[in-house]
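# From the sequence below, what's the structure:
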Amino acid sequence: MQVRGLLLLLALVLLTAATEAGKNKKDKGKKSSSECEDWRWGPCTPNSKDCGLGYREGTCKDETKKLKCKIPCNWKKKFGADCKYKFESWGGCSVQTGVKTRSGVLKKALYNAQCEEIVHVTKPCSSKIKSKSKAKKGKGKD
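Take a look at the predicted model:
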């Protein structure tokens, strides 16, 4: 009976030590000691050219911080990288203008970005005719 009691006590001590170690890891993971909650973030500024890795600067009262950020190289410069939209399908090609149009509704504004609620985009009509069925290789052997 004493062996069982010792094993139970040992298991309890190990469990307690593991729990405490987990708490310490969580505390170390906190990067900010700031108690400021009203951060204002600027746009992501790329380190070179107009896309790729960069940083954004934030201010809150007398504090300033810089966060790493990334601007995708295929982003729509007109809307900004921090404005995320849900777009509908492309409309038909206008014979008069030679362009297709579609609109997007704001889905998410990151870092307090000032975004338009609805945006409209256009692109030139394709001169290629895409076929919906592709030839299947290896099928229909004689």
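
# any idea where the helices of the chain begin and end?
Counting by DSSP state H, the chain has helices at residues 2-29.

# Domain boundaries for it, per the record?
Segmentation of the chain into domains, based on the TED database, reads 36-72, 74-124.

# Columns mean pLDDT and mean neighbour count on top of those, output as JSON lines?
The C-beta positions use only the backbone N, C-alpha and C, and glycine is treated the same way. Shown next, in JSON lines, are the domains of the chain (pLDDT from 0 to 100; neighbours: other C-beta atoms under 10 Å):
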{"stretch": "domain 36-72", "mean pLDDT": "87", "mean neighbour count": "13"}
{"stretch": "domain 74-124", "mean pLDDT": "88", "mean neighbour count": "13"}
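
# could those be laid out in TSV, adding distance to residue 2?
Converted to TSV, these look like this (distance: least, C-beta to C-beta, whole Å):
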stretch	distance to residue 2
domain 36-72	55
domain 74-124	61
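
# Any idea how far apart the tips of stretch 63-82 sit?
22 Å (C-alpha to C-alpha, to the nearest Å).

# likewise stretch 72-89?
Stretch 72-89 end-to-end distance (C-alpha to C-alpha) = 22 Å.

# again with stretch 113-123
Terminal-residue distance, stretch 113-123 (C-alpha to C-alpha): 26 Å.

# Run through who's touching it.
43, 76, 78-80, 82-83, 85, 87, 90, 97, 99-106, 109 (C-beta atoms under 8 Å, 6 or more residues apart in numbering).

# which other residues reach stretch 39-48?
Against stretch 39-48 from outside (C-beta under 8 Å, 6+ apart): 52-60, 65, 67, 69-71, 80-82, 111-113.

# Quick check: the nearest residue to residue 124 once chain neighbours are set aside vs residue 126, distance?
Closest residue in space to residue 124, ignoring its immediate chain neighbours: residue 99 at 5.7 Å, by C-beta to C-beta, 6 or more residues apart in numbering. Residue 99 sits 11 Å away from residue 126, going by C-beta to C-beta, to the nearest Å.

# likewise residue 43?
Counting by C-beta to C-beta - residue 43 and residue 126 are separated by 33 Å.

# Strands - which of the contacts of stretch 39-48 land there?
Using DSSP state E, 52-60, 65, 67, 69-71 are the members of these that sit in strands.
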